[in-house]
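A.B. asks: model the following, please.
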Amino acid sequence: MNSADSLRILPEIILTLTGVLLMLVDASLSPAVTRRPLGWIAAFGTMFALWASIWQLSLGTGTGFFGAVETSPFTVFFHVLICGIVLVAILIALDSLPEESHHQGEYFALIVFGAVGMCLLTSAIELLVVFIALEISSISTYILAGYRKHNAQGPESGIKYFLLGSFATAFLLYGIALIFGATGTTQIYEIAEKVGGSQNHALVVMALMLMMVGMLFKVSAAPFHLWTPDVYEGAPSPVVALLSTAPKAGVFALLLRVTYEMLPALRSVWEPLLWAVAVGSMTIGNLAALRQQNVKRMLAYSSIAHAGYLLAAFAGMGPSGIAAASFYTAAYAAMNVGVFAVITVVSGYDDHLPLIRDFRGLLYRSPFLGILLIFFLISLVGIPFTGGFFGKFYAFSAAVGGGAVALAIIGLLNSGIAAAYYLRLAFAAAQRPADGDEPLRIALPQLGVAVGAALLFTTGTTLWLGIRPNAVLRAAEMAAHTLQVPAGEAPAAAVNQPGVSQSPQPHP
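C.D. replies: Prediction:
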């Protein structure tokens, strides 16, 4: 490994060193010493990795490690998004984890190590590196999902996620094996070159199907969504804020790379498949969310529906679909992390106020939290002047531009259904509480500096994406142009020398 290669994975190196430092410091402290400062080490390390991701733009588009990883505006876009989500999740946890917990060092180290896998997943252009990155991310989130060991739901959440996630990973790995058998390589650009002339078309299609199963499970799209409500309910709210956004951002980046870059010649296969999955995810997620009384289960089904909205953008032609999907990922991350930050403050680490009725009168108990909760909910609905509005607008516009008018109409109808359960929670928060309401007897904690910063960041980002979306949209379009590879024009594979910059040319 030389210095040029190292710069291609600089954010991952910084996050890895941060995680190792957290473990060493945690092991050196006596049990009586508070572990809360470890969270600040994780936060500063993540901020440094975020800066390093932006700095990578100065490197130009290129590959390293014998064509295993790539640096481009596409990878930088998702690196910044993932590091931003991880930073906010750490800030939320800083003020919500119990002070007496002796496992805070492990908690923050797992988040940082998980971020390594998520970031590497977006920059990997070698399928074996993709598998390794996905495992790094998954193992950390499996443990975090079962972090609350003192109740039954925590271990149940972790075990369910681990068992079902292992099956999904096996499907992905078997798909990689089949694509290697059909083309003789696992390098994405080489696969793109060889698929058109491959004599094993059926094997390539089967590989695509198996890989789709693994990726769609990770983003909780129907019909691979059954794990989502139980895992969200059993995991701590700061973990759910991370789990519902950052790993999905990494996998959506991988899905964009596989469909538009590796297998654009199979668009006639994957486009109707994703069309059907999008319709199923939107419809099943929204209809199931209507019946939920538990806030986290409702938001779990909501995340399934949002996966469908995002997949609708895949019907867009070329860079428009990629840019719309990338923008929607950023908008959804901001508003979803924000709503879970509010839920964390209101319900606490142990979720002592889990139901919708428990949020009754929140606007009167804490006007600041009540206003923020309502704001994030109307953004999830897709009301104008919020990030959610432009996210859906661009996703459905891309679908219409790609000829999937029916898909856009189904998405709009589902958005109307979603308004029912989002506004039900918003109305509960705005409803004047009765004197005998049980939630009034539970005092809300004071907002700490860390969670206050997290709320400010997510609120500002959601509002900014709703009022001035052009900057992020331009970044998404730049990312789309560096990713797009026209069928039959895949670039030559990176030469077998470390640090040599070989990359696809932007689509004209």
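
A.B. asks: which residues touch the helix or strand where Ala249 lies?
C.D. replies: Element membership of Ala249 [criterion: DSSP states H and E] is helix 246-256. Residues from elsewhere that reach helix 246-256, judged by Cβ atoms under 8 Å, 6 or more residues apart in numbering: 74-75, 78, 81-82, 85-86, 89, 114-115, 117-119, 121-122, 124, 130, 133-134, 137-138, 141, 215, 218-220, 303, 307, 310, 314, 322, 325-326, 329, 333, 483. In short, each C-beta sits where N, CA and C put it, glycine included.

A.B. asks: neighbours of Asp333, how many?
C.D. replies: Check again: residue 333 is Ala, not Asp. 26 (other Cβ atoms under 10 Å).

A.B. asks: no, scratch that, I was asking about Pro11
C.D. replies: 30.

A.B. asks: how about the one 10 residues further on?
C.D. replies: Applying other Cβ under 10 Å, we find 16 residues neighbouring Leu21.

A.B. asks: could you find the closest non-adjacent residue to it?
C.D. replies: Ile41 (6.5 Å; Cβ to Cβ, 6 or more residues apart in numbering).

A.B. asks: quick check: the one you found touching Phe108?
C.D. replies: Yes. Judged on Cβ atoms under 8 Å, Ile41 makes contact with Phe108 at a distance of 7.5 Å.

A.B. asks: which one of the two has more residues nearby?
C.D. replies: Using other Cβ under 10 Å, the more surrounded residue of Ile41 and Phe108 is Phe108, with 30 against 20.

A.B. asks: what about that one, which SS state?
C.D. replies: Put simply, Phe108 is helix when judged by DSSP: H, G, I helix; E, B strand; the rest coil.

A.B. asks: which SS class is the nearest residue in space to it that is not next to it in sequence?
C.D. replies: Distance criterion Cβ to Cβ, 6+ apart; nearest residue to Phe108, sequence neighbours excluded, is Ala42 at 4.0 Å. Classification of Ala42 by three-state DSSP places it in helix.

A.B. asks: and Tyr147, what does it touch?
C.D. replies: His103, Tyr107, Gly154, Gly158, Ala235, Pro236, Val239.

A.B. asks: what's the farthest-apart pair in these?
C.D. replies: Farthest pair in the contacts of Tyr147 (Cβ to Cβ) is His103 and Ala235. Separation: 14.6 Å.

A.B. asks: who has more neighbours, the two?
C.D. replies: For His103 versus Ala235, neighbours defined as other Cβ under 10 Å are more numerous around Ala235 (27 against 14).

A.B. asks: hmm, the more buried one is touching Arg148, no?
C.D. replies: Yes. In terms of Cβ under 8 Å, Ala235 counts as a neighbour of Arg148; the distance is 7.4 Å.

A.B. asks: quick check: neighbours shared by the two?
C.D. replies: Both Ala235 and Arg148 are in contact with Gly154, where contact means Cβ under 8 Å, 6+ apart.

A.B. asks: and the helix or strand hosting Thr122, how far from the chain's centre?
C.D. replies: Element membership for Thr122, per DSSP H and E: helix 104-123. Centroid displacement of helix 104-123 relative to its chain, using Cα atoms, centre = their mean, to the nearest Å, is 13 Å.

A.B. asks: which of the contacts of Tyr147 fall within helices?
C.D. replies: Tyr107, Gly154, Gly158, Val239 (DSSP state H).

A.B. asks: re earlier: give me the number of residues near the residue nearest to Phe108?
C.D. replies: 31.

A.B. asks: which residues are in contact with it?
C.D. replies: Thr18, Leu22, Ile90, Phe108, Ala109, Ile111, Val112 are the contacts of Ala42 under Cβ under 8 Å, 6+ apart.

A.B. asks: same thing with Ser347?
C.D. replies: Ser237, Val295, Leu353, Pro354, Asp358.

A.B. asks: could you list the low-confidence segments of the stretch 351-500 of the chain?
C.D. replies: Within the stretch 351-500 of the chain, the segments meeting pLDDT under 70 span 434-445, 484-500.

A.B. asks: repeat that for 80
C.D. replies: 433-446, 484-500 (pLDDT under 80).

A.B. asks: show me the strands in this structure, by range?
C.D. replies: Using DSSP state E, the strands of the chain run over 62-64, 69-71.

A.B. asks: for Ile9, which of the ones you listed is the nearest?
C.D. replies: Closest among the strands of the chain, once you apply Cβ to Cβ, is strand 69-71, at 5.9 Å.

A.B. asks: flag every buried residue along that closest one.
C.D. replies: Residues of strand 69-71 classed as buried by neighbour count (16 or more other Cβ atoms under 10 Å): Val69, Glu70, Thr71.

A.B. asks: show me what that strand is packed against.
C.D. replies: Using 3 or more Cβ pairs under 8 Å, 6 or more residues apart in numbering; DSSP states H and E, the elements in contact with strand 69-71 are helix 3-8, strand 62-64, helix 104-123.
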